[in-house]
Every structure is written in C-alpha cells, then in structure tokens.
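Student: how would this look folded up:
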Amino acid sequence: MSDLRTAPADAPEGAPAPEPRRAGAARRRAGRPVRWAAFGWLGCLAVEWLVDGRYWFGELAGAVPPFTFVVLPLLLAALVPLTRGADRWRTGGAVVLTLVLGAGQSGINFGALWSRDHEAGRDAIRVVAWNTNSWNQLLGTQDHFYAFLKAKQADVYLLHEYQHLTPDRKGREPVDDLARLRAEFPGYEIITDGELVTLSRFPVVARPAVGPARAVAPDADWNTRYRQDKVLRTDLLVKGRTVSFYNLHMPVWNSMTDGPLSGAFYSHMRENFGARQDQYAGLEQDVADNPNPVVVAGDFNTTAAMSELDGLRSRLDDAMGASDDLYPTSWEEGGWKPFWRTDWAFTGQGATADTYRFDSPEKLSDHAVQDLWVSVAQAPAGKG
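Tutor: Below is the predicted model of the structure:
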C-alpha cells in the first residue's frame, strides 16, 4: 500500500515538492540569517579584540552602546530554534561564546541583581567627582552652580573642566574663580592644575605629578598644562593615614560635533589616540608604584566597551560594585537618553567604595555626578 504523504517515484517533472521537504527548506532559509548574524558578531568581537587599544580605529568600540554586547546575543539566542540539525548546535555555540566574551564589556552591573541597599561605613568619607561642563559657562547660573556643589557636602571634590570656551567655541581658556571658591568652601584646601580642581577638607601632604605632567616645566602656560596635565594627584591625610586621590579628565577619543560621517571625526581619533595611551600608561604606572590607599575618579571619556580601562580594572575595584543600579550611565545627560558610562571611579590598596551612585546634574552639565562614600582601612602598624 503506498504512503499517501510522499510523492510517487515517477512523479512528473515540475510537480510540486512534497510538503515536508518544502517546510524543511523554508526553515533552513529562515535559520541562515541567524547563523550569519551569530558568526558575524563573533567575527566583530574577534576583530575588536585585535585592534582595540592597539590601533586608533579600535576606539570605534566606544560608539556602540555597551549593553549591545549582552542584548544582541540574547536576541540571537531566542532565534536559534529557527536553525536545524548541526547548524543549531554551531549557531548556539557561537551565540554562547559571544555572550561570554561580551559580558565584561556590557557595562551591566550584574552584582545589583543579588546585592543591593549598600550603606556607608561609620567612618566613611564622601567623594564627589564631576565634569562641570566648562565651569558652568553654558548652563544655569553661577549661584545655582555653587549652591548645587555645596549641597553635596562632600569631604573631597574632584572637579574637571575648570575652564571656559573661547568665543568661537573651538578652544579653551583659563578661568580664575579662586576667590569665590574660597568664599563658598571655607576650611577646604583648593588645588588646581590646568582644568582640574580638587577641594579637600583634609590636609594636603603631597602633590606628585603623574604621567606626561612630569615633563611639564613649572612655569608652563595654562594651555600646555591643559594638554598635558590630565591627572591631578593629591595625597591627603585622612584620619591619620595618607590617601592618594586621582582627579582626572582623559582626552576625548572622538569629535562628536563633527559626527562620524566627517573626516574630521576620524582625524581627531587618530590624533588623540597617542595622547590617551600616554595618559593611561602614566596613571597605571603611578598607581602601581603608589603604596597608599587610592581613589581614582573622573571623566575617563571611555566606555565599558573600550580596553583602556583594563589596566586599572586588573589592579583596582570598580566602584560600580557598590552601586544598586543594574546599568549605570553618566552621559549624555540632558540630551540623548544616556546609554554610556564615561565617568568612572576606582578604589583599592586599602580604600573601599561603600556606596556609589550617579546623581542628576540639575541641567548644569551633560555629565551626571559621581557620588561615592569611601572607607579607608586602618594603617598597618608602623605605616602612615
């Protein structure tokens, strides 16, 4: 008795294909884009691993919202059932591999899923780090600006962009606001270097130059310091122990005003790549040679997807571990909904972040405010 589900062997040429075979072909066609996407994304990750941090064009990884490194593999995982047979296993394996490789670049605070409600220790100190957007030249009023800063009641402020834009908005020039800073923050020590300002309730015991700043002459002009002095280290005497605070603003890797369709965008990337590498290398070496507890915070102009942070991550603790946010972001506030975290804080060598969060800049800046409480371990016997 013949099987009615299959076509007879002598079916005439051009007869319709059997239904099961046609359905199987359709499923194979549907699975091809999934397979191509999975292996294509795996190839992108491999290329990024090879070029990021080694060549200037590797900085383009920073243009990708970091959550893409987890969200895209998860979307592909949901589509894997469209593939069949051995292709399903190969595609699924590629998806799992991309997820494993990309999770560390996603900027997602997985610890927030099981560890929340962090609290500051009894003797913790409050540190505020913030890109002030050209010292509030463009947004708000100076009265609002200073009231906003004072309301934080921080023990240490690490502020960047102590500067103004030139009238053509293409350059920077120094500002002198020391008189008002002293009036608004009595009892604080005020340290400035180029565009960086550190305010401290604790005594300053040393101020070593870091990285390229070591080659800057004492009588160098402000523009030279602006270009070279991107890390301001101040050693503070905190409750009997010397703690090093690194206030930094790394050179920006792109030229957002030109846009990625402009040649100037890529020229800027190429020109700033070396300067960024030098600043990061100098910072990492200084931290490695520093026996003190350290707090490193500022505008790194670097996203979770970029490799420049790897050196610090290997030695220090990202303050994000003390955050309750699943996906912390800091830029661009007031414009696009923030997709990126470009402002970072790290602690280590006896300093620990107890709580960490991003606060609204109240429309005073395009960067959120880093607000962290830090505990410092008691010095070992015989050490300061």
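
Student: Confirm that D278 sits in a helix.
Tutor: Yes: D278: assigned to a helix according to DSSP: H, G, I helix; E, B strand; the rest coil.

Student: Nearest spatial neighbour of it, chain-adjacent residues omitted?
Tutor: In this structure, D278 finds its nearest non-sequential neighbour in P212, 5.3 Å apart by CB to CB, 6 or more residues apart in numbering. Placement of C-beta: from N, CA and C, glycine included.

Student: so who does that neighbour touch?
Tutor: Counting by CB atoms under 8 Å, 6 or more residues apart in numbering, P212 touches Q228, D229, K230, A275, D278, Q279, G282.

Student: separation between the second one and H268?
Tutor: Think D229. 20 Å (CB to CB, to the nearest Å).

Student: Does the residue nearest to D278 fall in a helix, a strand, or a coil region?
Tutor: Note that with three-state DSSP, the state of P212 is helix.

Student: separation between it and M320?
Tutor: 28 Å.

Student: Next, count neighbours for S244.
Tutor: 23 (other CB atoms under 10 Å).

Student: ok but it is inside a strand, no?
Tutor: Yes: according to three-state DSSP, S244 belongs to a strand.

Student: Please enumerate the strands of the stretch 101-250 of the chain.
Tutor: Counting by DSSP state E, counting those that start in this stretch, the stretch 101-250 of the chain has these strands, from start to end: 125-131, 156-160, 164-165, 172-173, 189-193, 196-200, 204-206, 231-238, 241-249.

Student: okay if I get those strands as JSON lines plus distance to L113 and mean pLDDT?
Tutor: Converted to JSON lines, the strands of the stretch 101-250 of the chain look like this (distance: least, CB to CB, whole Å; pLDDT from 0 to 100):
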{"stretch": "strand 125-131", "distance to L113": "26", "mean pLDDT": "98"}
{"stretch": "strand 156-160", "distance to L113": "29", "mean pLDDT": "98"}
{"stretch": "strand 164-165", "distance to L113": "42", "mean pLDDT": "91"}
{"stretch": "strand 172-173", "distance to L113": "42", "mean pLDDT": "92"}
{"stretch": "strand 189-193", "distance to L113": "39", "mean pLDDT": "97"}
{"stretch": "strand 196-200", "distance to L113": "35", "mean pLDDT": "98"}
{"stretch": "strand 204-206", "distance to L113": "40", "mean pLDDT": "97"}
{"stretch": "strand 231-238", "distance to L113": "33", "mean pLDDT": "98"}
{"stretch": "strand 241-249", "distance to L113": "30", "mean pLDDT": "98"}
